[in-house]
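Engineer: when you get a sec, could you give me coordinates for this:
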Amino acid sequence: MLLGDTPFDAILMDITWLPKYARAGWLEALDDGFDQTEIQELTNGAQLGNIYEGSLYRWPLVADMGLLFWRTDLMEKPPSTPTDLVSISQELQRKKKVPWGYVWQGRQYEGLSCVYLEMIDGFGGQWFNPEGEKFGLDYQPGINAAQWLTNLINSGISPRAVTNYAESEALQSFKSGDSALMRNWPYAWAELQKEDSQVRGHVGISTMVSIPGVSQASTIGSWGFSLLKGSKHKDAAIKAFKYLTTNEAQVELFTEYGYTPTLKSIYQNEDLLNEYPYLAKLYGALSIAKMRPETPVYAQLSDVLQRSLSASFTDEIEAKSSMKNAQIFSEQIISAAGGGIQ
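Structural biologist: All right, here's what the predicted structure looks like:
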């Protein structure tokens with residue numbers, strides 16, 4: 001692609017890369033291939049992250065969003081606020097029901113950025129406000145989110161080793177019965193129902209906590225198809241995109257492989273809802289899905305955030321200062337990129 005010539009027609013791409021690829025001129029717009037009726041058939045969450053500068057460049061294959069998994073044998077209902085999560089965790093730990101209250105993705109990688117996005121929104125802030133082109137990392141909600149995550153580690157609610165946890169490590173802790181709560185993605189549900197799961201039949205799904213009066217948030221993750229610039233088979237590629245995202249294909253991807261559907265019709269299928277009751281929870285999470293900053297320099301912004309959070313988690317610097325640094329470096333990245341998020 002860098003050389004302006006590729007033997008391929010299409011690419012399956014993670015949601016955060018679209019602005020970079022579209023701005024670089026590596027993609028063909030899909031506006032002529034999909035109409036508004038087809039777009040409206042997607043769930044609210046699946047409609048996010050497909051458009052750049054007014055044109056459709058990506059068609060979602062599967063959806064993905066952050067979820068809060070909880071032990072139904074240890075609590076009557078999941079926590080809804082940060083305070084609830086802390087108090088429930090500490091009570092279960094005090095009674096020696098579990099070694100750890102809550103596990104999540106604390107390693108210095110993209111999963112940490114997803115965790116933080118849900119918490120800064122949950123505390124009433126925003127990582128980035130596209131309307132005013134302002135970062136909110138060093139505003140009070142951003143600081144509170146970083147401090148809350150840091151406190152989880154320092155108080156022992158989360159293991160100190162959570163700073164090395166990605167999805168698989170968090171899943172293993174929860175699956176083995178060592179944790180009462182876990183932040184992860186929908187794929188974890190099928191893993192938790194396997195015969196080797198110590199919590200099989202005792203797992204519920206909810207969305208991430210938020211302070212009273214503030215809507216909960218779920219980081220949207222998604223893989224979708226894009227058409228590469230210079231494709232010699234544009235019509236055939238778009239036809240393939242449509243075939244692979246039909247209602248029938250979406251049902252098979254969900255029932256056989258556990259991938260989260262993108263079409264509203266799947267979540268309205270009574271037979272599927274009866275057989276897979278948690279499907280309704282997935283739909284609810286998609287309705288509150290939030291995008292990470294949509295910019296060609298997202299990778300740099302995410303790296304800055306991860307490094308700043310890690311510094312706070314390991315007590316190199318206090319949360320307030322770490323978020324101040326993240327704010328300054330993020331503004332510098334945007335300024336160097338031309339002064340605008342696009």
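Engineer: what sits against the closest residue to Arg23 other than its chain neighbours?
Structural biologist: Distances taken as CB to CB, 6 or more residues apart in numbering put Pro296 closest to Arg23, at 4.6 Å, once the chain neighbours are dropped. Using the backbone N, CA and C atoms, a C-beta is placed for each residue, glycine as well. Pro296 makes contact with 19-20, 23-24, 337, 342 under the criterion CB atoms under 8 Å, 6 or more residues apart in numbering.
Engineer: now Pro296: how far from Asp64?
Structural biologist: 22 Å (CB to CB, to the nearest Å).
Engineer: what about Lys281, neighbour count?
Structural biologist: By the measure other CB atoms under 10 Å, the count of residues near Lys281 is 17.
Engineer: meant to ask about Pro212
Structural biologist: Neighbour number of Pro212 under other CB under 10 Å is 7.
Engineer: on the three-state scheme, it is what?
Structural biologist: Following DSSP: H, G, I helix; E, B strand; the rest coil, Pro212 is assigned to coil.
Engineer: chain neighbours aside, what residue packs nearest to it?
Structural biologist: The nearest residue in space to Pro212 (CB to CB, 6+ apart) is Thr81, at 6.2 Å.
Engineer: now stretch 199-219 - C-alpha only, CSV.
Structural biologist: Only the C-alpha atoms of stretch 199-219 are listed here, as CSV (Å, rounded to 0.1, in the frame of the first residue of the first chain):
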residue,chain,number,x,y,z
VAL,A,199,-17.6,-20.7,37.2
ARG,A,200,-19.7,-22.4,34.5
GLY,A,201,-23.4,-21.6,35.1
HIS,A,202,-22.6,-18.8,37.6
VAL,A,203,-21.7,-15.9,35.3
GLY,A,204,-23.7,-12.8,34.4
ILE,A,205,-23.0,-10.0,31.9
SER,A,206,-23.4,-6.3,32.5
THR,A,207,-21.8,-3.1,31.4
MET,A,208,-19.1,-1.1,33.1
VAL,A,209,-19.8,1.0,36.2
SER,A,210,-20.4,4.7,36.3
ILE,A,211,-21.0,7.4,38.9
PRO,A,212,-24.7,8.2,39.7
GLY,A,213,-26.4,10.2,37.1
VAL,A,214,-23.8,9.4,34.4
SER,A,215,-24.5,6.9,31.6
GLN,A,216,-22.3,3.8,31.4
ALA,A,217,-20.0,3.3,28.5
SER,A,218,-18.7,0.3,26.5
THR,A,219,-15.6,0.7,24.3
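Engineer: buried stuff in that stretch?
Structural biologist: Within stretch 199-219, the residues that count as buried by 16 or more other CB atoms under 10 Å are 199, 203, 205-210, 216-219.
Engineer: what is the mean pLDDT for that stretch?
Structural biologist: Mean pLDDT, computed over stretch 199-219, is 97.
Engineer: output the longest helix belonging to the protein.
Structural biologist: Identified as the longest helix of the chain according to DSSP state H is helix 319-336.
Engineer: what residues of that one count as buried?
Structural biologist: 319-327, 329-330, 333-334.
Engineer: next one: stretch 83-91
Structural biologist: 85-86, 88-89.
Engineer: please state the offset of that stretch from the chain centre?
Structural biologist: Relative to the centre of its chain, stretch 83-91 is centred 23 Å away, using CA atoms, centre = their mean, to the nearest Å.
Engineer: farthest from the middle of this protein: give me that residue.
Structural biologist: What lies farthest from the middle of the chain is Lys232; by CA atoms, centre = their mean that is 34.0 Å.
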